[in-house]
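Novice: Give the three-dimensional model of this entry:
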Amino acid sequence: MEFCKSAIGKERMQFGALKLAEYGSQLGKRLHDTSVFSIIRTCSPVSIKIGPTLYDFETSELIFIGPHFEVEIVQPIVAEGYLLWFTADFYERSIADTEILNSELFFGSQPFLAMRDYRTELVFKKLFVERLTCCAEYRTIDMMVAHHCFESLLLEGYQTMLSLETTRGSADTAAVQLFNRFSVLLHKHYREHTSVQYYADRLHLSPRKLTELCCAVAGKSAKCVISTVVAQQALRYIKHTDLSISQISYEMGFSDESNFRNFFKRQTGSNPLFYRQI
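Specialist: Numbering: from 1, shown residues only. Predicted structure coming up:
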């Protein structure tokens, strides 16, 4: 398996690279338990489920996916390509690193950003997959090489993201950028803060203006956006960890288990144990 060997034996996996055909459900759960950032490079047409939605990608696409979305490779045995992944703890070394990670590249209004990769499969494999695979001991030089690999890809994606923004209308771009700031704040603080007022204050908006912004960009109110993110994160805990429902309610910042159960049922239509059993 093309996977950073040291990552398997560590409690906190930091980065790795593997073939899409090797990305099974068990390994996928392990990766998502660590809330990783993912970069997929397709080498053939492939179907990928990102969050609840299935997408079809062509050959030679780079796909950047944030840590708040589950990833499932449909028919992984015949899927050709690579999945590179890393944690924020590993990547963030400077203000610029933090800015890129918290940008629309990973926290945009869409669940992913896709761009064309004009390198051949062989070149991509040698430049990124094989180099990451060789970083097997987590020595200082290994960490530097791995960081450089991800940095070069993220800069490509970030540049593409900025070029896409310039093609939009200025008013639309400003709204999307402001919504992205809200999304970043929400994914950082949803455990402690779920009120519209809190995020409106942080963005120097009124709650009404924040709701109008969310309706314009995402098609739903600010409160609905917050509830959706909380429910998605709770579902990730339920499906991919062995924590009890009581423990999950605590992790999610609820005052007691009954409040969590009632909230979850309102959002999904089912109780938490139903999703643990499927």
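Novice: what's the neighbour count on Gln75?
Specialist: Applying other CB atoms under 10 Å, we find 10 residues neighbouring Gln75. From N, CA and C alone the C-beta is placed, and that goes for glycine too.
Novice: can I assume it is in contact with Ser47?
Specialist: Yes - using CB atoms under 8 Å, Gln75 is in contact with Ser47, at 7.0 Å.
Novice: Return the residues in contact with Val230.
Specialist: By CB atoms under 8 Å, 6 or more residues apart in numbering, Val230 lies in contact with Tyr190, Thr194, Met252, Phe263, Gln267.
Novice: how much space between the nearest residue to the last one once chain neighbours are set aside and Lys19?
Specialist: This means Gln267. In space, and not counting its chain neighbours, Gln267 is closest to Ala231: 3.9 Å by CB to CB, 6 or more residues apart in numbering. According to CB to CB, to the nearest Å, Ala231 stands 32 Å off from Lys19.
Novice: again with Ile245
Specialist: Using CB to CB, Ile245 is found at 35 Å from Lys19.
Novice: Would you indicate which residues of the helix ranked longest in the chain are buried?
Specialist: Of all the elements of type helix in the chain, the one with the most residues (DSSP state H) is helix 140-166. By neighbour count on 16 or more other CB atoms under 10 Å, the buried set for helix 140-166 is 142-143, 146-147, 149-150, 153-154, 157-158, 160-161, 165.
Novice: Okay, buried residues for stretch 260-267 please.
Specialist: Under the neighbour-count criterion of 16+ other CB under 10 Å, stretch 260-267 has Phe260, Arg261, Phe263, Phe264, Gln267 buried.
Novice: Helices of the stretch 1-150 of the chain, start to end?
Specialist: Secondary structure of the stretch 1-150 of the chain by DSSP state H, counting those that start in this stretch: the helices cover 5-9, 25-33, 88-91, 95-101, 104-107, 121-124, 130-134, 140-166.
Novice: Could you dump the buried residues of helix 140-166 into CSV with pLDDT and distance to Pro111 added?
Specialist: Formatted as CSV, the buried residues of helix 140-166 follow (pLDDT from 0 to 100; distance: CB to CB, whole Å):
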residue, pLDDT, distance to Pro111
Asp142, 89, 31
Met143, 90, 29
Ala146, 93, 25
His147, 94, 25
Cys149, 94, 24
Phe150, 96, 20
Leu153, 95, 18
Leu154, 95, 17
Gly157, 92, 14
Tyr158, 89, 17
Thr160, 85, 16
Met161, 83, 14
Glu165, 64, 17
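Novice: what's the closest of these to Val176?
Specialist: Glu165 (7.6 Å; CB to CB).
Novice: sorry, back to before: just to be sure, the residue nearest to Gln267 is in a helix?
Specialist: Yes - counting by DSSP: H, G, I helix; E, B strand; the rest coil, Ala231 is part of a helix.
Novice: Nearest to Phe107 among the buried residues of stretch 260-267?
Specialist: Taking CB to CB as the measure, Phe107 lies nearest Gln267 of those, at 20.8 Å.
Novice: helix or strand right after the host helix or strand of that closest one?
Specialist: Gln267 is part of helix 257-268 when elements are defined by DSSP states H and E. Counting by DSSP H and E, the element after helix 257-268 in chain order, helix or strand, is helix 272-277.
Novice: Now do the buried residues in that following helix.
Specialist: Quick answer for helix 272-277 (16+ other CB under 10 Å): Pro272.
Novice: Can you show me the CA trace of it as CSV?
Specialist: Presented in CSV, the C-alpha positions along helix 272-277 are these (Å, rounded to 0.1, in the frame of the first residue of the first chain):
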residue,chain,number,x,y,z
PRO,A,272,-28.8,8.8,16.7
LEU,A,273,-28.7,5.0,17.2
PHE,A,274,-30.5,4.5,13.9
TYR,A,275,-27.4,5.9,12.0
ARG,A,276,-25.0,3.9,14.1
GLN,A,277,-26.8,0.7,13.1
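Novice: tell me what it is packed against?
Specialist: helix 222-240, helix 245-251, helix 257-268 (3 or more CB pairs under 8 Å, 6 or more residues apart in numbering; DSSP states H and E).
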